[in-house]
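Student: kindly generate the corresponding structure for this input.
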Amino acid sequence: DDGLPKLKISHLYKEMLNKVDGNDSSAQDYIQEKLRSAMWLIKSIQNRQKTIYRVSKAIVQRQQEFFKKGPLYLKPMILKDIAEEIGMHESTVSRVTTNKYMHTPIGLFELKYFFNTGLGGKDGGIDISNEALKLKLKKIINNENPLKPLSDQKLAVLLTKDDVKIARRTVAKYREMMGIDSSSQRKKRA
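Tutor: From the prediction side, this is the model:
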């Protein structure tokens, strides 16, 4: 709210209402209708700001690890989680988070970024968000031996050792989504 101007109705219009001849009810009705519309608009904007604040606050509370340690610690979270927490409908949370951004100590993020499904950990292991999984996968690939790149199956096995149960085809899907070539295409010739 600090950077936004406070919306209010100009006293000019209230004065106009007082100056209108009592016999001219159409002019008086017109001005009153416009004043009601303006007050409704201001109230609607204030309600939207409160909703954005409540959603943002709930996100921050649920994603503490992300804000302290970075994107690898993003927890799985869906719109329904926040909607239930703040007592609103999922569609309201969806509308409020569309094209809205949060400036954080680690960067600027669209509010939609925080909503992602997750994969369950193996044998009761940790749940991991899709975004965090992509970052882990990218890190492993960036650190692999370029002469012997890891196959999707080997990548899946490495992630499984980190308590992330993932199928080879899921590794392939995420690798392709990030624009990373297959192991045969990544292989550097000696």
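
Student: who are the packing partners of the host helix or strand of Tyr53?
Tutor: Per DSSP states H and E: Tyr53 is located in helix 25-62. Judged by 3 or more CB pairs under 8 Å, 6 or more residues apart in numbering; DSSP states H and E, the packing partners of helix 25-62 are helix 11-19, helix 79-86, helix 90-97. All C-beta atoms are positioned from the backbone trio N, CA, C, and that covers glycine.

Student: taking the mean pLDDT, what do you get for it?
Tutor: Mean pLDDT, computed over helix 25-62, is 91.

Student: which of the residues in it are buried?
Tutor: 28, 31, 51, 54-56, 58-59 (16 or more other CB atoms under 10 Å).

Student: and stretch 74-88, by the same measure?
Tutor: 74-77, 79, 81-83, 85, 88.

Student: now Met102, which residues is it bridged with?
Tutor: Phe109 (DSSP bridges).

Student: ok, back up a step: now pLDDT too, for the buried residues of stretch 74-88, in CSV please.
Tutor: Converted to CSV, the buried residues of stretch 74-88 look like this (pLDDT from 0 to 100):
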residue, pLDDT
Leu74, 87
Lys75, 88
Pro76, 86
Met77, 89
Leu79, 91
Asp81, 92
Ile82, 94
Ala83, 94
Glu85, 94
Met88, 93
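
Student: redo the helices and strands packed on helix 25-62 as TSV? Include distance to Lys69.
Tutor: Shown next, in TSV, are the helices and strands packed on helix 25-62 (distance: least, CB to CB, whole Å):
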stretch	distance to Lys69
helix 11-19	52
helix 79-86	20
helix 90-97	23
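
Student: for these, which has the smallest mean pLDDT value?
Tutor: Across these, the lowest-scoring stretch is helix 11-19, with a mean of 79.

Student: distance from that one to the middle of the chain?
Tutor: Here the centre of helix 11-19 is set off from its chain's centre by 44 Å, with CA atoms, centre = their mean, to the nearest Å.

Student: leaving out chain neighbours, which residue sits closest to Ser184?
Tutor: Pro149 (7.9 Å; CB to CB, 6 or more residues apart in numbering).

Student: separation between that neighbour and Val60?
Tutor: 39 Å (CB to CB, to the nearest Å).

Student: correct me, but Ala27 touches Val20?
Tutor: Yes. Ala27 is within contact range of Val20, at 4.9 Å (criterion: CB atoms under 8 Å).

Student: Ile180 - nearest residue in space that isn't next to it in sequence?
Tutor: Nearest residue to Ile180 in three dimensions, chain neighbours excluded: Ile141, at 5.9 Å (CB to CB, 6+ apart).

Student: give me the pLDDT value at that neighbour.
Tutor: Confidence score, pLDDT, at Ile141: 91.

Student: tell me, how many neighbours does it end up with?
Tutor: 17 (other CB atoms under 10 Å).

Student: and Leu12, by the same measure?
Tutor: A count of nearby residues for Leu12, using other CB under 10 Å, gives 8.
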